[in-house]
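**Student:** Fold the following, please.
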Amino acid sequence: MFPTLLLLLLALSASLLIVVWLNHRIFIETNLLAFYITRSPQRAYILYFLLMLPGIFVHEGSHWLAARLLGLRPGKFRVWPQAKGKHIRLGSVTSRSGGIWLDSIVGVAPLLVGSLLIALIGQHVFSAGQIASALVQGNLPALWDGLRTALNQTDSPLWAYLLFTLANGMMPSAPDREPMKPVVLYGSMAILLYLVLGLPIEPFAALLVGMLTPLQSVSSTLLLTILLDLLVLFVVSVLNGMIQKNR
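**Tutor:** Residues are numbered from 1 along each chain as shown. Down below sits the predicted model:
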């Protein structure tokens with residue numbers, strides 16, 4: 001059980017990193033395409049914002065809800081692109097600080113809420129577990145059949161769009177990650193000390209085993225998200241290449 005759980009955690013971590021990288025590439029390519037269409041950087045950012053709006057709204061809404069539940073009195077809820085130096089902020093939520101622990105929970109809230117939502121969509125709409133199994137096993141006919149069955153549903157384009165925006169919008173931003181750094185450091189040190197002292201691990205083992213199914217759902221849905229991201233990135237890159245060639 002533990003080797004399986006370890007492999008699952010590694011696969012989940014790798015999938016998250018790949019989605020982060022693909023999201024960055026999609027941001028660059030879609031903004032370039034939008035710039036070709038609008039001839040304005042500001043309008044290009046607005047088009048990208050509109051494309052990703054469901055994911056952005058859930059991201060900022062998760063921050064607001066977490067801050068509200070933790071008693072941090074969230075204030076202004078803003079969902080609109082705004083230039084901040086060399087970066088573009090697509091939304092923001094203000095709240096008072098509750099220290100590194102509470103601020104870390106607020107910062108990671110979009111990832112937790114987004115993971116729950118994409119897991120529900122992936123398993124109940126697209127049967128992502130079957131698609132992920134076929135992909136891992138290298139069974140291309142089964143992979144193609146799974147994708148075709150999933151995408152042949154009447155409302156599958158809408159669900160695929162929601163999955164795409166939610167998965168790419170749930171990653172914590174740089175400000176979200178800032179209070180988490182000392183928490184990760186202290187947590188790692190505490191776990192290491194616990195193991196060195198030889199304290200019982202049965203309660204943690206039971207907790208991890210209980211998380212196996214949810215982690216499998218999120219991991220398999222992230223694999224489906226990666227396929228969607230690759231498709232979007234391919235289409236947008238081809239369009240950009242055609243426009244550049246004809247300029």
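**Student:** Enumerate every residue touching Leu230.
**Tutor:** Residues in contact with Leu230, defined by CB atoms under 8 Å, 6 or more residues apart in numbering, are Leu22. Bear in mind the C-beta positions are built from the backbone N, C-alpha and C, glycine included.
**Student:** Buried residues, whatever helix or strand it lives in. List them.
**Tutor:** Using DSSP states H and E, Leu230 falls within helix 212-246. Residues 215-226, 228-229, 232-233, 236-237, 239-240 are the ones in helix 212-246 that count as buried (16 or more other CB atoms under 10 Å).
**Student:** could I get the helix or strand hosting Tyr161 in PDB with only the CA atoms?
**Tutor:** Taking DSSP H and E as the criterion, Tyr161 maps to helix 156-169. Coordinates of the C-alpha atoms in helix 156-169 are reproduced here as PDB (Å, rounded to 0.1, in the frame of the first residue of the first chain):
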ATOM      1  CA  SER A 156     -18.800  17.600 -23.000                       C
ATOM      2  CA  PRO A 157     -17.400  20.800 -24.500                       C
ATOM      3  CA  LEU A 158     -18.800  22.900 -21.600                       C
ATOM      4  CA  TRP A 159     -17.400  20.500 -19.000                       C
ATOM      5  CA  ALA A 160     -14.000  20.300 -20.800                       C
ATOM      6  CA  TYR A 161     -13.800  24.100 -20.800                       C
ATOM      7  CA  LEU A 162     -14.700  24.200 -17.100                       C
ATOM      8  CA  LEU A 163     -12.100  21.500 -16.300                       C
ATOM      9  CA  PHE A 164      -9.500  23.400 -18.300                       C
ATOM     10  CA  THR A 165     -10.100  26.800 -16.600                       C
ATOM     11  CA  LEU A 166     -10.400  25.400 -13.100                       C
ATOM     12  CA  ALA A 167      -7.300  23.200 -13.300                       C
ATOM     13  CA  ASN A 168      -5.200  26.000 -14.700                       C
ATOM     14  CA  GLY A 169      -6.600  28.600 -12.400                       C
END
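**Student:** Which of the helices and strands in this structure ranks last by mean pLDDT?
**Tutor:** None of the helices or strands of the chain scores lower by mean pLDDT, DSSP states H and E than helix 202-210, at a mean of 68.
**Student:** Could I get the buried residue list for the longest helix seen in the chain?
**Tutor:** If you go by DSSP state H, the chain has its longest helix at helix 2-38. By 16+ other CB under 10 Å, the buried positions in helix 2-38 come out as 5, 8, 11-12, 15-16, 18-19, 22-23, 26-27, 29-35.
**Student:** Likewise for stretch 155-162?
**Tutor:** So stretch 155-162, judged by 16+ other CB under 10 Å, has buried residues 159-160, 162.
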